[in-house]
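[1] Just a sequence and a predicted model for now, questions to come.
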Amino acid sequence: MKWRKLFRAALDSILKNRMRSLLTMLGIIIGVGAVAILVSLGQSAQAYISAEIGGLGANLLVITPERSEAGGVRGQAGNQNEITLADVDALRAQSLELGNLSPATYADGQLIGGIGNWASEVAGVTPEYLAVRNWAVAEGTMFTQAEVDGRAKVAVIGQTVADELFPGQSPIGAQIRVRNVPFRVVGLLEAKGGGLGGDDEDNVVLAPVTTVQNRLRGSDNVDVIWASVLDGDRTDAAEEEVKAIFRSLNDVRDPEEQVVRIQSQAALQETFDTVLGALTALLGAIAGVSLVVGGIGIMNIMLVSVTERTREIGIRLAVGARGADVLTQFLIEAVLLCLFGGLLGTGLAFAFAAVASAVAPLKVTVGLDVVLLAFSFSAAIGVFFGFYPARKAARLDPIDALRYE
């Protein structure tokens, strides 16, 4: 028999029992839909987190003092228990791997100004902070290094602060007070939205680090250094250079002793990619179990179909059809059932992605690779679980089949 006739015969058999065929495909529909949805969710989550990490800054290094505590006593010999502006200046002068860098010191406070008050975080930084964090000023200007040196009481505020204190108006030139210290607003930051931890990154006030140290903190120390690596491929070299510089500044000769703690953007990205990749694979494997269950259901129905159509098979074999033709027809039926189920399951995944993208901040997309994977797996399930019933049909004896009641 020709392939066209075999295909038509298989399709006619499926359409003749529409309800049974639909119920047979149900396991494949659920399995393919589950695999496509879970894999797409994992891939979309990876893309979302990659974008969030990229939003932290380009080739970012976060340098903090290394602290040790034992019995309530902090300050093991050799550890960098504080970082000062002098250390930042030394790092800037000696480093060959770093580009922009900015110290940062933080103070929480109640902001008073405009139409009321608002709780926010005040970050004492330098002008380079914007370049390191890939941030920009939407209105006004960033304060200058001269204002940092002069401990000027100026501030650049985030969009959330502006919306809460100065709704519907420009905050430039207005005054806000933090712990009774007045600051003149000179700039408004572009909106960034929520960060990885769900915090509102726009709820921030940037001020000269020297002003925050002297007016709000009463300390010359900085909490962290934000730095960018000149060459993203040399992040490891930059980390080692920073560690070496701080060992030199603290007269630590042991090359294995760490005096500062460094977190890199690349390491953070790699960690998230590894965890989410493993989670996506695990969820995909769990969902794949339903595909196997669906395949077993197809095999059972095909075995029942062979029993019901024994006389039909006997007639075909008696009039000259070969066993290979019968085998091929039943395999085509099994594969078609799986492919139709895969098509419906993929449609289910696309519908879920559309709904999830509309109601959640995560944009879920079903990629072409996921669709191809779903269809390939569906066809493989059809061949694997359809082969035994097809072989059983092909091996029927024509005389015994014609006598079957």
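    Received the coordinates, thanks.
[2] can we go C-alpha only for contacts and neighbour counts from here?
    OK.
[3] From residue 22, how far off is residue 157?
    In this view, residue 157 and residue 22 are 60 Å apart by Cα to Cα, to the nearest Å.
[4] Over to residue 344?
    For residue 344, the distance to residue 22 - Cα to Cα - is 10 Å.
[5] for the stretch 251-400 of the chain, what spans make up the helices?
    Using DSSP state H, counting those that start in this stretch, the helices of the stretch 251-400 of the chain run over residues 265-308, 310-318, 323-359, 368-394, 398-403.
[6] Let's have the ones you listed in JSON lines, adding mean neighbour count, mean pLDDT and distance to residue 240.
    JSON lines is the format used below for these (neighbours: other Cα atoms under 10 Å; pLDDT from 0 to 100; distance: least, Cα to Cα, whole Å):
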{"stretch": "helix 265-308", "mean neighbour count": "18", "mean pLDDT": "73", "distance to residue 240": "14"}
{"stretch": "helix 310-318", "mean neighbour count": "18", "mean pLDDT": "68", "distance to residue 240": "75"}
{"stretch": "helix 323-359", "mean neighbour count": "21", "mean pLDDT": "81", "distance to residue 240": "42"}
{"stretch": "helix 368-394", "mean neighbour count": "20", "mean pLDDT": "74", "distance to residue 240": "39"}
{"stretch": "helix 398-403", "mean neighbour count": "15", "mean pLDDT": "60", "distance to residue 240": "79"}
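[7] Quick check, pLDDT for the spatially most central residue of the chain.
    Against the mean C-alpha coordinate of the chain, by Cα atoms, centre = their mean, the closest residue is residue 46 at 2.2 Å. On pLDDT, residue 46 comes in at 74.
[8] Enumerate the positions of whichever helix or strand it is part of that are buried.
    With elements taken from DSSP states H and E, the one containing residue 46 is helix 18-56. Using 16 or more other Cα atoms under 10 Å as the test for burial, helix 18-56 gives 21-22, 24-50, 52-54, 56.
[9] Give me the helices and strands touching it, please.
    helix 265-308, helix 323-359, helix 368-394 (3 or more Cα pairs under 8 Å, 6 or more residues apart in numbering; DSSP states H and E).
[10] JSON lines please, covering those helices and showing distance to residue 11.
    What follows is those, written out as JSON lines (distance: least, Cα to Cα, whole Å):
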{"stretch": "helix 265-308", "distance to residue 11": "14"}
{"stretch": "helix 323-359", "distance to residue 11": "7"}
{"stretch": "helix 368-394", "distance to residue 11": "14"}
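[11] Show the average pLDDT along stretch 88-96.
    Mean pLDDT, stretch 88-96: 92.
[12] Let me know the distance separating residue 314 from residue 395.
    For residue 314, the distance to residue 395 (Cα to Cα) stands at 10 Å.
[13] Could you list the buried residues of the lengthiest strand in the chain?
    In the chain, assigned by DSSP state E, the strand with the most residues is strand 98-113. Buried residues in strand 98-113, counted by 16+ other Cα under 10 Å: 98-106, 108-113.
[14] Pick out whichever of those sits closest to residue 176.
    residue 113 (4.6 Å; Cα to Cα).
[15] Just to check, that closest one is in contact with residue 173?
    No. Counting by Cα atoms under 8 Å, residue 113 stays clear of residue 173, with 11.7 Å between them.
[16] which stretch of helix or strand covers residue 205?
    strand 204-208.
[17] List the neighbouring strands of that strand plus their orientation.
    strand 116-125 (parallel), strand 154-157 (antiparallel) (DSSP bridges).
[18] mind listing what residue 185 touches?
    154, 155, 156, 157, 171, 172, 173, 174, 175, 176 (Cα atoms under 8 Å, 6 or more residues apart in numbering).
[19] ok, and what's touching stretch 349-359?
    Residues from elsewhere that reach stretch 349-359, judged by Cα under 8 Å, 6+ apart: 33, 34, 36, 37, 362, 363, 364, 365, 366.
[20] can we see that at 10 Å?
    For stretch 349-359, contacts defined as Cα atoms under 10 Å, 6 or more residues apart in numbering pick out 29-30, 32-38, 40-41, 343-347, 362-367, 371.
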